[in-house]
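no sequence for this one, just the structure:
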């Protein structure tokens with residue numbers, strides 16, 4: 001299977017194997033080119049030409065499955081959007097269609113396997129970026145309390161169901177299988193759920209935060225289940241293996257904490273001084289991949305390592321920059337994972353046992369949703385909140401697919417039962433967007449008020465781009481009036497000065513549209529451009545008007561020459577070098593917010609300092 005590399009029992013062996021396959025595929029032309037040069041010296045140019053031709057065909061054959069799936073994936077995503085469906089549905093449907101047509105082996109190549117694995121790692125790294133140490137402490141109740149409760153309720157229900165099946169049907173299901181497989185069925189899909197949460201903008205609402213916390217606990221539980229299956233296969237005792245896995249996980253967490261506290265800021269400060277976007281990209285990719293690799297080599301899951309790598313950067317003022325770089329790769333690689341899930345569905349099993357599979361899929365989703373709702377109610381959640389969360393987590397998990405693929409577990413029961421369970425889990429992943437929408441709609445009807453109320457303080461209405469004097473003056477005025485703002489600064493020197501002066505500032509490049517999602521621009525009311533760079537504003541105006549039509553845009557200008565031009569572009573231009581210019585731009589922001597401004601303004605910048613707006 002495409003994600004069998006997640007098996008922690010063999011992780012230390014499999015990960016180097018994937019890496020060696022990739023290295024061999026990439027380095028083979030170079031090695032053979034060197035051999036060809038030796039052949040020239042020996043007068044065997046014809047052999048060298050043949051080798052070069054063979055190399056070309058070999059490289060093409062290696063990357064062909066990835067290119068094919070990438071091209072088809074683009075089409076599937078576009079069609080899903082046209083049909084107003086989540087792109088995940090398009091990817092899963094594409095995989096199933098290819099499997100039915102007999103192309104199920106497209107996911108077996110090392111390139112596709114590695115890209116699918118990297119997609120999940122980037123997804124968990126992105127999740128870690130939103131879980132700082134402070135948030136881990138704040139969400140500890142959800143992670144270890146709510147998470148363990150959900151696992152016990154949902155996993156226990158499935159374990160009990162397997163025991164009842166054994167008693168009622170004579171399927172000969174051992175107790176070991178019932179417990180491990182039952183708990184595995186209690187897991188939910190990190191990749192699918194977090195993708196939906198992010199797309200819906202629920203990252204910081206109660207349902208989104210609880211779902212992410214539960215999934216973190218489930219990732220830890222999945223590692224323990226993998227260790228338990230390994231001990232089951234070797235005939236050894238489970239207790240020492242589980243204890244060692246726990247020690248390793250705690251050690252990995254400790255390393256992430258030390259990295260976050262002592263290395264993250266100095267590292268990115270040094271990189272910022274280089275001023276190269278390529279170095280930022282390379283560093284972000286290195287941290288995400290290296291953290292997962294290190295965890296894998298230690299016998300833990302790559303996903304847990306990637307999450308800890310993101311957590312190490314979460315408290316940094318450079319988090320938005322890192323997130324922007326990772327986001328561009330995450331969606332691309334993650335598409336390979338979802339296509340691989342669709343390809344894992346066996347058409348023969350689907351055709352011969354379709355009634356049983358449909359019943360198993362419906363039963364899995366119904367039991368999972370019901371148990372999740374019960375867990376929510378037991379955790380003193382409201383009925384609407386429990387329903388929305390329960391339906392969101394009402395699918396099987398990619399980890400369950402991995403566990404059921406392991407001979408030590410799958411060999412305990414009939415192969416037909418394993419095939420039915422694997423297919424039912426894959427179908428549950430495919431229909432998750434639809435099922436979660438049902439839960440969201442039902443919860444919205446039951447809940448008094450909006451279904452996804454954000455937590456206080458998470459949605460500042462104003463984004464200040466550039467903390468030159470005009471930007472600082474507006475930030476001071478908003479602070480005095482108890483209105484939140486998010487400041488971003490691309491200039492390293494000015495960023496460090498502003499940070500030292502106590503402003504809430506992140507280093508990012510808002511001129512890059514990829515950063516807008518990370519900045520949450522669609523949730524803002526006003527954006528103030530106070531960088532003094534009007535060229536970028538001109539270039540980005542058409543894209544801003546298309547993607548952010550409801551946001552008010554105020555721009556600080558050094559002179560009156562471009563006032564008419566920017567007014568025509570739909571912006572509110574203010575010449576901050578004119579008499580009273582600083583007051584005018586503050587008033588423009590408050591007017592756009594429809595808020596009354598209170599005086600005085602502490603740390604106010606004098607008008608004669610406004611000429612430094614472009615500094």
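Here it is on my side, so go on. These numbers were taken from a predicted model, which means no experiment stands behind them.

Wait, a strand at residue 488?
Yes: when DSSP: H, G, I helix; E, B strand; the rest coil is applied, residue 488 is found to be in a strand.

so it makes contact with residue 321?
No: using CB atoms under 8 Å, residue 488 is not in contact with residue 321, being 9.5 Å away. Heads up, the C-betas are built off the backbone N, CA and C, glycines and all.

Which of those two has more residues huddled nearby?
Between residue 488 and residue 321, residue 321 has the larger neighbour count (other CB atoms under 10 Å), namely 28 against 24.

That one is in contact with residue 280, isn't it?
Yes: Residue 321 is within contact range of residue 280, at 6.0 Å (criterion: CB under 8 Å).

Could you tell me which residues touch both of residue 488 and residue 321?
506, 507, 508 (CB atoms under 8 Å, 6 or more residues apart in numbering).

From the rest of the structure, what touches stretch 304-311?
Stretch 304-311 is touched from outside by 120-133, 136, 216, 219-220, 223, 249, 252-253, 255-256, 260, 287-296, with contacts defined as CB under 8 Å, 6+ apart.

And it, what's buried?
304, 305, 306, 307, 308, 309, 310, 311 (16 or more other CB atoms under 10 Å).

Pick out the lowest-pLDDT one from these.
Scanning the buried residues of stretch 304-311 for pLDDT, the low point is residue 304. It has 78.

separation between it and residue 128?
Look at residue 304 and residue 128: by CB to CB, to the nearest Å, they are 10 Å apart.

what do you get for residue 75?
According to CB to CB, residue 75 stands 32 Å off from residue 128.

which of those two has more neighbours?
Per other CB under 10 Å, whichever of residue 75 and residue 128 has more neighbours is residue 128, with 26 against 11.

Would you confirm that that one contacts residue 314?
Yes: when contacts are counted by CB under 8 Å, residue 128 is listed as touching residue 314 (6.4 Å).

quick one: the strands in this structure?
Listed in chain order, the strands of the chain (DSSP state E) span 462-465, 485-489, 505-507, 526-529, 552-557, 572-575.

who are the neighbours of the fourth one, in terms of helices and strands?
Under the contact criterion of 3 or more CB pairs under 8 Å, 6 or more residues apart in numbering; DSSP states H and E, the helices and strands touching strand 526-529 comprise strand 462-465, strand 552-557, helix 581-593.

and which of the shared contacts of residue 488 and residue 321 is nearest to residue 335?
Of all those, residue 508 has the smallest distance to residue 335: 25.6 Å, by CB to CB.

Let me see the residues that make contact with stretch 250-269.
Here stretch 250-269 makes contact (CB under 8 Å, 6+ apart) with 133, 283, 291, 294-295, 298, 300, 304-305, 308-309, 311-318, 321-322, 496.

In it, which residues are buried?
252, 255, 256, 259, 260, 264, 267, 268, 269.

now swap in stretch 566-573 and tell me
566, 569, 571, 572, 573.

Could you export these as JSON lines, including pLDDT and distance to residue 413?
Compiled in JSON lines, the buried residues of stretch 566-573 are given as follows (pLDDT from 0 to 100; distance: CB to CB, whole Å):
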{"residue": "566", "pLDDT": "79", "distance to residue 413": "69"}
{"residue": "569", "pLDDT": "79", "distance to residue 413": "66"}
{"residue": "571", "pLDDT": "85", "distance to residue 413": "66"}
{"residue": "572", "pLDDT": "87", "distance to residue 413": "68"}
{"residue": "573", "pLDDT": "88", "distance to residue 413": "71"}
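
Farthest-apart pair in the residues you listed, please.
So, the buried residues of stretch 566-573 by CB to CB: farthest apart are 569 and 572, at 10.3 Å.

Which secondary structure element of the protein has the lowest mean pLDDT?
Ranking every helix and strand in the chain by mean pLDDT, DSSP states H and E puts helix 11-41 at the bottom, with a mean of 38.

Distance of residue 330 relative to residue 126?
6 Å.

how many neighbours does residue 187 have?
Neighbours of residue 187 under the rule other CB under 10 Å: 30.

Phi and psi next, for it.
When read as degrees, to the nearest 10, the backbone of residue 187 gives phi -70, psi 150.

contacting residues around it?
Taking CB under 8 Å, 6+ apart, we find residue 187 in contact with 151, 155, 218, 221, 222, 396, 397, 399, 400.

Can you tell me the closest non-neighbouring residue to it?
Spatially, and ignoring its direct neighbours in sequence, residue 187 is nearest to residue 397 (3.6 Å; CB to CB, 6 or more residues apart in numbering).

The one you found and residue 218 touch, don't they?
Yes: here residue 397 reaches residue 218: they are 7.2 Å apart, a contact under CB under 8 Å.

Now the common contact residues for these two.
187, 188, 190.

now, among those, which is nearest to residue 435?
Residue 435 has its nearest neighbour among the shared contacts of residue 397 and residue 218 in residue 188, at 11.5 Å by CB to CB.

Would you mind giving both backbone torsions of the closest one?
Backbone torsions for residue 188, taken as degrees, to the nearest 10, come to phi -120, psi 170.

Tell me if I'm right that it and residue 393 touch.
Yes: between residue 188 and residue 393 there is a contact at 4.2 Å, judged by CB under 8 Å.

Same drill for the two, tell me which one is more crowded.
The neighbour count for residue 188 versus residue 393, taken as other CB under 10 Å, is higher for residue 393 (33 against 28).

Ramachandran angles for the more buried one?
Per degrees, to the nearest 10, the backbone of residue 393 is at phi -100, psi 20.
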